[in-house]
Structure formats: C-alpha cells, structure tokens
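Trainee: I would like to see how this sequence folds:
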Amino acid sequence: MATADSDEIVVQREEIHGFVVRCLTAVGAVEKYAQTFADCLITADYRGHYSHGVNRLEFYIEEIKRGIVCPGQDKEPTITKQNLATALVNGNNLLGPVVGKFCMELAIKKAKEVGVGMVTARGSNHFGIAGWYSLMACDQGLLGMAFTNASGAIIPTRSKVRTLGTNPVCMAAPGKDGDSFVLDMATSNVAWGKVELKRRKDEPLSPGWVLDKDGKPTVDMNNIGGLLPLGGVEETSGYKGYGLAMMVEVLCSVLSGSPFGPFIRMWRTYERQSDMAHCFIAIDPNCFEDGFSDRMQDLIDHCRNLETADDAPGSVMIAGDPERNHIKLCDKLGGIPYHQNQIKTMDDLADKLGLEKLKRLSK
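Mentor: Numbering: from 1, shown residues only. Predicted coordinates for the structure are as follows:
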C-alpha cells in the first residue's frame, strides 16, 4: 500500500480544489473563474508540479485583494483581431488560467476547422503550468503547445542582470490508448517556484540553480541575483537556455505587443498590473500523414524500451512519465500528498480569510 512521506499530509483532490475555490471567492473572484483557476492549480499538484500549484495561492489571493488582478465580475477575455487560423486576445487583466483556457479553446476550434490554430494573448497574468493547456488539445487528438513570458528571473549568459522570465515551453502529443508525450519545462535550469519551495520547506538550494548578485553561482538563499538559464553557465551551454527563453519572448510579448521580461511587474510585487503574454498552438495531425498516433506510440515505446546504463535508477522514461507516476501515487493514496509546511500555510490562509481549514486524510 502506498504511503506518504513522514513529513507529508494527504488531502483529497476534491477537498483542496474546493478550498482554492472558497479562498478565491472569499476575496471577490466570480465562481466560474475560481473553478477554472482551481482546476489549473490542482492539476499542477496532482501531476507533481508543486512549484505551480497551491504553493502560490496566497500570492494570487493578494493580487485580487489589492485590486491588481481583475477577479471577474462581468469581464471576459476579448478577441482583438483574428482570421481563420490565428487570433490576438486581450485578457483584460483577468486571472491567467481564465485567459489561457479561453485562448487554447479558441486555438483548438481553429485547428479543427483549418488544421492549425495559433492564439497569442496580452493583458494577462501568471497562468500556472503550461501543460494544463497543451493537454486540453492532446485530449482531443491534437498536438498542443503553450508558452508564456514572465517577470525577469533568468540572468542571460555573460550578464549579472535578471532579465528574461523562466518562459516555459510545452508540447503535448497524443499516442495510443491515452498515452502521450508531454514536455513541460522552464527555460531556466529550475523553475522559480522550486526555489520558493526550498525556502518553504527549510531546505538548502541545489548547486547550479541560481547566480548571486555578482553573477556567480551560489547556493546562498540570501544572496540570489537570479536563475541560471537551462544548461547553466556558458561552459555548459547555458546560452542555449537563454536563446530558448528569448524565443518564447518572441512568440509571446513581441507578437502580441506586450512588455517583455524586465518591464513586467516583478514577481510578488503589487504596484501595477502584470500585462503578461502567452502563446497557444493547436495542430490537427490528421492534416498530415495518416496514422500519427500509431507512429507517435512507436517513438514513445522505442525510447521507453531502450537498454539502460548499469547505474541507472530505473527504466528510460519520456517526458510526461514522471507526472504519470505521481498521478498513480496520488490515486493510490486517495489524495495529493503535501509537505506539512504547505499545509500550515493553507491553515494560516484559512484563518486570515475566516474559512474552514483543510480536512486531512493522513500524515
């Protein structure tokens, strides 16, 4: 029988989902948008991406309380311009997952009609995990891609100035019988949320994650200048991650006419709107050679069945397998395991908002 770690507490998915909805509506979010937001956050935790789940709920709530993010009321994202295959959307400063869902659903509709749909958005906010959007398309037999810019976090190669966001890239491609390839990664060595989780859990930083304020590698939590791009320092090809981050910026901010990295409001500050930008792409593989899902599954199976190195900790995995394994663990546990410090943060939030605390399954 699966068990949680000694410092973890299991909470049912429905319980934590309802808690997020109650928190958001308590500070003014409309019910339907709170539900969408909770869907995105709990999917992150369910898939093991705790850096983008309820770990950040208190920040999102603070944005709404301060009037920095529009909680909904009668507002919706609006289409600024479009043609058969493309669209530009104004998120009207709504919650990021609300804007992102609107855009990906529009991209999917266009892909089903003409083979491909590409939608960019501006006037948005942090949209959670990119995989949530790509999987929307993948679940309907399409290839799904999602990108977003963010406030400055990455220090470009040879610099010491935090400039581009962690700017994730994501693609989901359907195989057979529900199997899929799901690449969802930051263009930094590590997502900023993982640094936050280390701090919340009172754990040390890992080497190769961050640079200090002089542009030198460090593990000092109190002297973080910014994140290393994917690949690390120049000698280990960090310029490739820097280039990928800039590519995402082109697809998001440059195409949509939105601010980029250093001109976006800094993370966990509240002086003005974020005006973040996203890009979503859906592609119908049936517009190309027949049998896409069969060939995709052949590629997936070939890689999974490769001979392993002598000291490998397990079999070869593909992108999306670690998340599948975490989902299986959650299902066996009957809920999502959270570090006890995360639960304490949720309890404190409940006290502040006058809400009932989370019900636990186990410790």
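
Trainee: which stretches of the stretch 251-363 of the chain form strands?
Mentor: Using DSSP state E, counting those that start in this stretch, the strands found in the stretch 251-363 of the chain span residues 276-283, 336-339.

Trainee: gap between Met136 and Ala282?
Mentor: For Met136, the distance to Ala282 (Cβ to Cβ, to the nearest Å) stands at 8 Å. Yep, even glycine has a C-beta here, placed from its N, CA and C like the rest.

Trainee: that should have said Pro77, apologies.
Mentor: 17 Å.

Trainee: the more surrounded of those two?
Mentor: Neighbour comparison, Pro77 and Ala282: the larger count goes to Ala282, with 29 against 21 (by other Cβ atoms under 10 Å).

Trainee: can you tell me who the closest residue in space to Lys110 that isn't next to it in sequence pairs with across the strands?
Mentor: Nearest non-adjacent residue to Lys110, counting by Cβ to Cβ, 6 or more residues apart in numbering: Gly117, 3.0 Å away. Beta bridges link Gly117 to Ala282 when assigned by DSSP bridges.

Trainee: out of the helices and strands in the chain, which is least certain?
Mentor: helix 192-200 (a mean of 84; mean pLDDT, DSSP states H and E).

Trainee: tell me the strands beside the helix or strand following it, with direction?
Mentor: Next along the chain after helix 192-200, taking DSSP states H and E as the criterion, comes strand 210-211. Strand pairing for strand 210-211, using DSSP bridges, gives strand 217-218 (antiparallel), strand 226-227 (antiparallel).

Trainee: ramachandran angles for Lys32?
Mentor: Dihedral pair for Lys32: phi -70, psi -30, per degrees, to the nearest 10.

Trainee: what are the ranges of the strands in the stretch 1-150 of the chain?
Mentor: 8-11, 78-82, 86-90, 116-124, 143-148.

Trainee: and the contacts of the third one?
Mentor: Right, the one you point to is strand 86-90. The contact list for strand 86-90 (Cβ atoms under 8 Å, 6 or more residues apart in numbering) reads 77-82, 99, 102-103, 106-107, 110, 117-123, 256.

Trainee: and the angle from it to strand 78-82?
Mentor: Orientation check (axes from the mean of the first three to the mean of the last three Cα atoms, to 10 degrees): strand 86-90 against strand 78-82 gives 150 degrees.

Trainee: just the pLDDT for the closest residue in space to Arg158 that isn't next to it in sequence.
Mentor: Closest residue in space to Arg158, ignoring its immediate chain neighbours: Glu234 at 6.6 Å, by Cβ to Cβ, 6+ apart. pLDDT recorded at Glu234 is 95.
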